[in-house]
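> sequence and predicted model, in that order:
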Amino acid sequence: MLTQTTTRVLEPSDLGAALAVLESEPVANAFVTSRVQIAGLDPWRLGGEMWGWYADGRLRSLCYSGANLVPICATPEAVRAFADRARRAGRRCSSIVGPAEPTAQLWRLLEPGWGPAREVRANQPLMVTESPSADVTPDPLVRRIRKDEMDVLMPACVAMFTEEVGISPLAGDGGLLYQARVAELIGAGRSFARIEDGKVLFKAEIGAATPQACQIQGVWVAPEHRGRGLSETGMAAVLRYALADIAPVASLYVNDYNTPARRSYARVGFRETGAFMSVLF
């Protein structure tokens, strides 16, 4: 039997169908779902286009095309269709990121025209928890950041981003977009840190949040305080807030070569349930 397929840019009227796809995998799709729940599908508000792949008239797969290119619930045929569209449009994103298998296929199709990448992180374990471990006591000094503390937090955010991504978030526009994102998370009550004598010792954010799941990001410990267990006690504190106030499931993804972090997160109560992949330009 032949299957009729098509790919197109979704419109605001497609919101219900798009959310049905996104919410079919609430943990893996938390980042994009949170954006769509707030902004809808209007490209200007969303910060990019949402591409939809249809089979027999039904929306089956998505691909977010903005600062990141993100395949969502993407079948191999859908990935090929998304790659064709991305090739025609030309590279506008700073990264490709998503579940490892479809992201790897997407990169194989795009690499001849878009490569080489600055870095490919082919295996980033996705870690999930519904309850923190009782073996790690949350750091009582980790708390929500106030709006008037943004200047204290920003140096730690810049250091974390530069260490993790390999480039400074202040490049290009002088950091205006990055500062706006940090301010947004602080304003939403999703930025946490331990601050002593005006300096950040530990920090993390809940970067994405939906009623079903939230995603923790930006975990950082000041270099001079590493090796003291602050990442574990700090993460336990953030988890306490996340699971009580934000969503019933918390997730994060981590580089596979970062063995100490993976062990720390496991001790706090996370378990590995899948893998992401990132291609950085």
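Yep, that arrived.

> find the residue at the geometric middle of the chain.
Centre of the chain computed as the mean C-alpha position; nearest residue by CA atoms, centre = their mean is residue 31, 5.2 Å away.

> how close does it get to residue 230?
According to CB to CB, to the nearest Å, residue 31 and residue 230 sit 26 Å apart. Placement of C-beta: from N, CA and C, glycine included.

> can you check residue 257 too?
21 Å.

> so where do the strands sit in the stretch 51-200 of the chain?
According to DSSP state E, counting those that start in this stretch, the stretch 51-200 of the chain carries its strands in the segments 58-65, 68-72, 95-99, 119-129, 143-144, 191-196, 199-209.

> what's the closest of these to residue 269?
Closest to residue 269 of these, according to CB to CB: strand 119-129, at 4.5 Å.

> in that closest one, which residues are buried?
Of all the residues in strand 119-129, those buried under the rule 16 or more other CB atoms under 10 Å are 120, 121, 124, 125, 126, 127, 128, 129.

> can you check stretch 269-279 too?
Buried, per 16+ other CB under 10 Å, within stretch 269-279: 269, 270, 274, 275, 276, 277, 278, 279.

> and for stretch 151-158?
153, 154, 156, 157, 158.

> hang on, the earlier thing: ok, the residue nearest to the centre of the chain - contacts?
By CB atoms under 8 Å, 6 or more residues apart in numbering, the contact set of residue 31 is 70, 207, 208, 215.

> reformat those residues as CSV; add distance to residue 20.
Shown next, in CSV, are these (distance: CB to CB, whole Å):
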residue, distance to residue 20
70, 17
207, 23
208, 18
215, 20
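
> which one of these is nearest to residue 55?
residue 70 (19.9 Å).

> which intervals of this structure have sub-threshold pLDDT?
1-3 (pLDDT under 70).

> helices of that one, start to end?
For the chain, applying DSSP state H gives helices covering 15-22, 30-39, 43-46, 76-89, 100-114, 150-165, 171-174, 176-187, 230-241, 259-268.

> which one of those lies closest to residue 197?
helix 150-165 (10.4 Å).

> could you dump the closest one to CSV, C-alpha only?
These are the backbone C-alpha positions of helix 150-165, laid out as CSV (Å, rounded to 0.1, in the frame of the first residue of the first chain):
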residue,chain,number,x,y,z
MET,A,150,21.3,39.0,38.0
ASP,A,151,24.7,40.9,38.0
VAL,A,152,26.0,38.4,40.5
LEU,A,153,24.8,35.4,38.6
MET,A,154,25.8,36.4,35.1
PRO,A,155,29.6,35.7,35.3
ALA,A,156,28.8,32.2,36.4
CYS,A,157,26.3,31.7,33.6
VAL,A,158,28.9,33.0,31.0
ALA,A,159,31.6,30.7,32.5
MET,A,160,29.3,27.7,32.4
PHE,A,161,28.2,28.4,28.8
THR,A,162,31.8,28.9,27.6
GLU,A,163,33.0,25.7,29.3
GLU,A,164,30.1,23.6,27.9
VAL,A,165,29.7,25.0,24.4
